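**Student:** below is the sequence, then the predicted model.
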Amino acid sequence: MLGGPIWTMDPRRPMVEALAARAGRIQALGTVAEVLRLQGARTRVLDLAGGLAVPGLTDAHAHLLGLGAELEEVDLRGAASIAEVVARVQQQAPPEGWVLGRGWDQNLWPGAAMPTHEPLTAAFPDRPVWLRRVDGHAGWANRAALQAAGITASTKAPQGGEVGRQGDEPSGLLVDAAMTLMPVPAPSPETLRRRLLQGQARVLPLGLTGVHEMGVGRETDAVLRALADSGELRLRITGYADEDWFRTLVLGGEPERPDCDARYALVGVKLYVDGALGSRGAALLDPYSDRPSHRGSLQHSQAMLDALVLAAVRGGWQVAAHAIGDAAIRGVLDSLEAARSAVMRADPRLRVEHAQIVDLADIPRFVRLGAVASMQPTHATSDMPWVPARIGAARLPGAYAWRRFLDAGVPLAFGSDFPVEQPAPTLGLYAALTRQNLKGQPAGGWLLDHKLTLWEAVAGFTSGAAFAGRQEEGCGRLAPGMAADLSCFRNDLRLLPLTELSGAPVRATVIGGRVAWEAGA
């Protein structure tokens with residue numbers, strides 16, 4: 001590879017002119033003249049033509065299966081009213097069976113109130129309709145779906161969930177753990193396979209070389225292994241088991257060691273500690289500013305969370321704990337501290353996923369406990385219009401606080417949480433550098449003290465993501481012997497106006513020394 005600057009993300013040698021790879025690993029880096037000496041008769045030369053290459057970008061928190069599923073369901077992203085949601089569902093519904101959709105966000109609607117079943121029931125009186133919120137932490141059902149679930153006035157919400165009410169009757173809204181009450185038909189192995197491949201086809205042109213897949217179930221794990229064995233899985237997938245399956249795994253299984261020669265490894269468990277801020281399920285130490293009687297929902301008692309984290313650490317499984325609110329984050333750190341006291345295992349490397357609203361007093365605990373802040377820059381720019389009303393001014397210094405974490409020495413990994421957000425990593429780079437939406441608002445950026453440099457933002461998707469997945473010995477940097485994974489852009493990102501960074505075109509995606517996707521190919 002030559003023809004443009006190559007960022008290595010190695011502070012000892014941050015940039016080179018050319019790179020050579022062989023058998024999936026980097027053979028040499030240096031000047032063009034030095035590298036061309038290694039060229040053979042069968043060498044493929046990739047000319048950047050003035051563009052920039054960086055180590056393969058990895059989304060450190062994503063749902064590839066969910067992305068593939070979203071491509072087959074009713075798309076509700078950006079709908080500006082309940083009427084628009086209903087119209088889209090009517091237009092895109094399949095001819096029979098359940099009607100499934102995702103992407104609605106009540107914050108975009110007049111009044112911003114949570115929906116009730118009546119509009120969906122009027123449009124679909126006989127077929128069950130189930131529409132998940134954009135963050136996946138709330139669902140909206142019509143009466144037929146409520147009846148299929150057996151949800152009545154006497155139904156009680158499970159721990160960590162909420163069943164919406166209109167008086168005594170169910171409203172059609174289910175939040176967090178209550179969503180498990182909805183008996184949506186399980187996808188077949190063939191459907192899982194199709195959706196995973198559709199997700200892969202969607203993200204390879206975006207420059208992604210790897211994904212940390214959160215919430216892998218037994219059936220999905222089997223399909224991923226089959227795809228890896230057949231060579232159809234080109235992405236590197238680092239898997240974190242869903243909690244239900246993990247309860248079985250921890251009794252009789254062992255985690256796999258991440259291997260940058262492999263395409264899939266199951267390394268840990270994804271635990272849900274709380275819900276999402278948008279649906280007011282994130283667990284806060286103090287009440288919501290716009291719902292003073294409510295502090296969100298913890299998905300487990302502290303004792304249960306302690307037991308789960310201890311079991312994972314004892315078994316060598318890495319914990320990736322979804323914790324958005326400051327109460328949830330503190331609970332995770334408390335569990336990790338207890339587990340480290342009970343099990344003398346070096347570097348359990350617990351991951352706090354999202355870490356959106358942190359109490360500033362807890363940031364030093366991340367450092368002391370060796371916890372990773374696994375965050376998603378576009379969550380900040382999506383949420384910023386309504387976050388101040390949710391949490392009030394006093395908590396804003398700890399909101400989406402990438403810079404505070406980084407300056408304190410907390411390892412930082414970046415992702416998108418797709419399909420909650422769009423999967424393009426360039427959108428994450430833009431958000432990290434500007435803290436603005438795509439229209440350049442607000443002027444100067446929201447909570448602008450947390451802006452990052454381009455190098456820091458790229459590190460979050462490369463060396464930071466590799467560290468979060470315990471892959472730093474083989475991935476995330478460009479050096480001899482490391483995996484030859486590269487994301488190649490048509491332009492030098494350093495020279496692009498910030499207004500163009502979010503849509504910077506990809507020239508090629510290289511995984512294990514092979515071109516997995518190339519523009520124009």
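**Tutor:** Noted; the coordinates are in hand. Numbering: from 1, shown residues only.
**Student:** following element in sequence after the lengthiest helix in the chain, please.
**Tutor:** Ranked by number of residues, the top helix in the chain under DSSP state H is helix 326-342. As assigned by DSSP states H and E, the chain's next helix or strand after helix 326-342 is strand 351-354.
**Student:** and Gly440, what is it in contact with?
**Tutor:** Gly440 sits next to 434, 499 when contact means C-beta atoms under 8 Å, 6 or more residues apart in numbering. All C-beta spots, glycine's among them, are computed from the backbone N, C-alpha and C.
**Student:** go again using 7 Å as the cut-off
**Tutor:** Thr499 (C-beta atoms under 7 Å, 6 or more residues apart in numbering).
**Student:** what residues does the worst-scoring helix or strand of the chain on mean pLDDT touch?
**Tutor:** Using mean pLDDT, DSSP states H and E, helix 243-252 stands out as the lowest-scoring helix or strand of the chain, at a mean of 82. By C-beta under 7 Å, 6+ apart, the surrounding residues in contact with helix 243-252 are 217-218, 241, 269-272, 311-312, 315, 317.
**Student:** ok, those vs Ala432, which is closest?
**Tutor:** Lys270 (23.5 Å; C-beta to C-beta).
**Student:** helix or strand for the closest one, which one?
**Tutor:** Going by DSSP H and E, Lys270 is part of strand 264-272.
**Student:** got the CA coordinates for that strand in PDB?
**Tutor:** Listed next in PDB are the C-alpha coordinates belonging to strand 264-272 (Å, rounded to 0.1, in the frame of the first residue of the first chain):
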ATOM      1  CA  TYR A 264     -15.100 -14.900  15.300                       C
ATOM      2  CA  ALA A 265     -14.500 -15.400  19.000                       C
ATOM      3  CA  LEU A 266     -16.900 -15.400  22.000                       C
ATOM      4  CA  VAL A 267     -15.000 -13.600  24.800                       C
ATOM      5  CA  GLY A 268     -17.500 -12.200  27.300                       C
ATOM      6  CA  VAL A 269     -21.000 -11.400  28.400                       C
ATOM      7  CA  LYS A 270     -23.200  -8.400  27.900                       C
ATOM      8  CA  LEU A 271     -25.000  -7.400  31.000                       C
ATOM      9  CA  TYR A 272     -27.900  -4.900  31.200                       C
END
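**Student:** buried ones in stretch 235-247, by neighbour count?
**Tutor:** For stretch 235-247, a neighbour-count test (16 or more other C-beta atoms under 10 Å) marks 235-243, 245-246 as buried.
**Student:** what's the PyMOL syntax to select whichever of the contacts of helix 243-252 are buried?
**Tutor:** Per 16+ other C-beta under 10 Å, the buried members of the contacts of helix 243-252 correspond to this PyMOL selection:
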select buried, resi 241+269+270+271+272+311+312+315+317
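**Student:** looking at the contacts of helix 243-252, which is nearest Gln471?
**Tutor:** Trp317 (15.7 Å).
**Student:** residues in contact with the closest one?
**Tutor:** 250, 255, 268-269.
**Student:** widest-spaced pair of the residues you listed?
**Tutor:** Longest span within the contacts of Trp317, C-beta to C-beta: Val250 and Gly268, 10.9 Å.
**Student:** tell me which of those two has more neighbours.
**Tutor:** Gly268 (30 against 19; other C-beta atoms under 10 Å).
**Student:** check contacts around the more buried one.
**Tutor:** 240, 255, 317-320.
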